[in-house]
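A.B. asks: What follows is a predicted structure for the sequence shown.
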Amino acid sequence: MEITFNTHGNEKQKEAARAWINPLITDIGYGGAKAGGKSYLGVSLIFGDAFIYPDTRYFIGRQTLNDLRKWTSGTIDKVFTEWGVTSVMWKYNGQDNFYELHNKSRIYFIELSEIPSDPDFTRFGSREFTRGWIEEEGEVSEKAVQNIGASIGRYNNLKYNLVGKVLHTFNPAKNHLYRNYFKPHRLGDLPDYKCFINALPQDNKMLPAGYIENLHRILSYNQKQRLLFGNWEYDDDPTAMCDWEAITDCFTNEIAPSPDSENKLSADLAMKGRDRFIAGLIQDSDNDGIVITLVTDMPKASGRIIEENLREHMRAHHVGHSNTIVDSDGMGAYLESYLEGIHEFHGGARAVNDVEFYKIKDELGYRLSEYVNTRLLRIICTTEQRERIEQQLSALKADDIDADTKKKRIVSKEVMKEQIGHSPDELDMLLMAMWFYVHEYST
């Protein structure tokens, strides 16, 4: 039985198909707007390979299995119909969530969400796939992408001389996709093994008549910028205090600690609903910049463990008690009695510049945004920590921006937590670090 492939795909899809058969390219980023033909492309490439090469293995990954079943399976049915694929050529295993073709190839649906019992995605470590596709990757964490990506190229690739590849499809997102695809593509710095294809709805000639006009009617102005025009850098929130590109630069800014830096320490303690105990080493540079290195990141810990951890870093990095600041939410008061002379931070205390700012936490938030936006801050941390910090700096927003007569404020921690889904512990540590740069203190 022959399969008839549709050859009417748009030019962007054809460009992606050429990259798919290019042995020098292993990662294809495709997307940039709504209705650019992402799902049809993914199904065509994955199932096209599966039909051509018997006994090969593929994954289609998405944040939730439910979305794969609800949305991706519909596109698979559409492609099968257009190709003339009949039911005798495939079956779906609903228990283990995979398609099995008549030639023994399999395509697995893989859920990429983080689960509490597997925060490091070790469940992907033993999987072996030929190639794969991550759909709606803007919803997926970078750690999940990295771990599932390590499973490709491991099943019959040598037999068919196939390079392991992953297709990444997405809409504009201010996360690892911006950093790993859009920005280096725009700057001409994309590695040779990657390509980025910016596909817009205007490129998709198979859309129904009036589809784009309908998007113009139903989408808000902000949604149009991102989903219709593919504007990755459009900032749809006027309250955002940190420029997104400046946030991503925090991890690569060329700032080095000065040999004469008087080291400081800032710690957000794991107490009263906070998720993690975070401590950062603060070092000044010779160009007025700051380097902050995350030296502690652990779940809630006892007072004794926290005290010992801070003492260890104070000794190792020659940090004086008067150059250490901790939050005051219960544990801070406890620590001050054991680490005499450290600073106990009260976010609701009076601002140093109380003419302009409502409380000290608001003043520190604005000062932090200045360091970020002027590229005078470098943060040294792991990839996972970076993703959380990018999220949290994006959640640093001004409150009451239209009230010109009021003192400046930042949104509450509760608002931030609602936006990012967890306590902004890394951000709290960064905010407290700013205390040393707005407050007079003795050394």
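C.D. replies: In hand now; what should we look at?

A.B. asks: where do the helices sit along the stretch 301-443 of the chain?
C.D. replies: Ranges of helices in the stretch 301-443 of the chain, per DSSP state H, counting those that start in this stretch, are 303-316, 331-338, 360-373, 383-394, 413-420, 425-433, 435-438.

A.B. asks: Pick the most deeply packed of these.
C.D. replies: Ranked by mean neighbour count, the helices of the stretch 301-443 of the chain are led by helix 425-433 with a mean of 26 (mean count of other C-beta atoms under 10 Å). Backbone N, C-alpha and C define where each C-beta goes, glycine included.

A.B. asks: how big is the angle separating that helix from helix 360-373?
C.D. replies: 100 degrees (axes from the mean of the first three to the mean of the last three C-alpha atoms, to 10 degrees).

A.B. asks: Over helix 425-433, what's the mean pLDDT, rounded is fine.
C.D. replies: For helix 425-433, the mean pLDDT works out to 95.

A.B. asks: quick check: angle from it to helix 413-420?
C.D. replies: Put simply, helix 425-433 runs at 140 degrees to helix 413-420, going by the same axes, to 10 degrees.

A.B. asks: which strands and helices sit next to helix 425-433?
C.D. replies: When contacts are defined as 3 or more C-beta pairs under 8 Å, 6 or more residues apart in numbering; DSSP states H and E, helix 425-433 packs onto strand 264-268, strand 276-284, strand 290-299, strand 324-327, helix 360-373, helix 383-394.

A.B. asks: need the strands for the stretch 1-150 of the chain, in chain order.
C.D. replies: Along the stretch 1-150 of the chain, the segments classed as strands by DSSP state E, counting those that start in this stretch run 27-31, 57-62, 90-93, 98-101, 106-111, 131-134.

A.B. asks: Okay, now the sheet partners of the second one, with direction.
C.D. replies: The strands beside strand 57-62 in its sheet (DSSP bridges) come out as strand 106-111 (parallel), strand 131-134 (parallel).

A.B. asks: Of these, which is nearest residue 422?
C.D. replies: The closest of the strands paired with strand 57-62 to residue 422 is strand 106-111. By C-beta to C-beta, the value is 20.1 Å.

A.B. asks: which residue packs closest to residue 301, ignoring adjacent ones?
C.D. replies: residue 277 (5.3 Å; C-beta to C-beta, 6 or more residues apart in numbering).

A.B. asks: Kindly report the same for residue 281.
C.D. replies: Going by C-beta to C-beta, 6+ apart, residue 281 has residue 293 as its nearest residue, at 4.6 Å.

A.B. asks: who touches that neighbour in this structure?
C.D. replies: Residues near residue 293 by C-beta atoms under 8 Å, 6 or more residues apart in numbering: 280-281, 283, 379-381.

A.B. asks: can we see that at 10 Å?
C.D. replies: Residues near residue 293 by C-beta atoms under 10 Å, 6 or more residues apart in numbering: 257, 279-283, 317, 378-381.

A.B. asks: now do residue 255
C.D. replies: 283-291, 375-380.

A.B. asks: Repeat that for residue 104.
C.D. replies: Shown in contact with residue 104 (C-beta under 10 Å, 6+ apart): 50, 54-57.

A.B. asks: Turn those residues into JSON lines, including distance to residue 149, pLDDT and neighbour count.
C.D. replies: Listed next are the contacts of residue 104 as JSON lines, based on distance: C-beta to C-beta, whole Å; pLDDT from 0 to 100; neighbours: other C-beta atoms under 10 Å:
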{"residue": "50", "distance to residue 149": "19", "pLDDT": "98", "neighbour count": "24"}
{"residue": "54", "distance to residue 149": "24", "pLDDT": "98", "neighbour count": "14"}
{"residue": "55", "distance to residue 149": "22", "pLDDT": "98", "neighbour count": "15"}
{"residue": "56", "distance to residue 149": "17", "pLDDT": "98", "neighbour count": "24"}
{"residue": "57", "distance to residue 149": "15", "pLDDT": "98", "neighbour count": "23"}
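
A.B. asks: coming back round to it: reformat the strands of the stretch 1-150 of the chain as CSV; add distance to residue 409.
C.D. replies: Putting the strands of the stretch 1-150 of the chain into CSV (distance: least, C-beta to C-beta, whole Å) gives the following:
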stretch, distance to residue 409
strand 27-31, 37
strand 57-62, 39
strand 90-93, 54
strand 98-101, 52
strand 106-111, 40
strand 131-134, 39
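
A.B. asks: and which of the contacts of residue 104 is nearest residue 267?
C.D. replies: Looking across those and measuring by C-beta to C-beta, the closest to residue 267 is residue 57, at 46.6 Å.

A.B. asks: what's the neighbour count on the residue nearest to the closest one when sequence neighbours are not counted?
C.D. replies: Nearest non-adjacent residue to residue 57, counting by C-beta to C-beta, 6+ apart: residue 155, 4.2 Å away. The local packing of residue 155 (other C-beta atoms under 10 Å) involves 21 other residues.

A.B. asks: Tell me how far residue 155 lies from residue 362.
C.D. replies: Noted for residue 155: a distance of 55 Å to residue 362, by C-beta to C-beta, to the nearest Å.

A.B. asks: before we move on, back to that, and of the strands of the stretch 1-150 of the chain, who's closest to residue 264?
C.D. replies: strand 27-31 (39.8 Å).

A.B. asks: Residue 60 bridge partners, please.
C.D. replies: Note on residue 60: beta-bridge partners by DSSP bridges are residue 109, residue 133.

A.B. asks: List the contacts of it.
C.D. replies: Contacts for residue 60 (C-beta under 10 Å, 6+ apart) come out as 39, 42-43, 46-47, 68, 72-73, 76, 97-99, 107-110, 132-135, 167.

A.B. asks: Throw together a ChimeraX command that grabs the buried residues out of those.
C.D. replies: If you want just the buried ones from the contacts of residue 60 in ChimeraX, going by 16 or more other C-beta atoms under 10 Å, the selection is:
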select :39,42,43,46,47,68,72,76,97,98,99,107,108,109,110,132,133,134,135,167
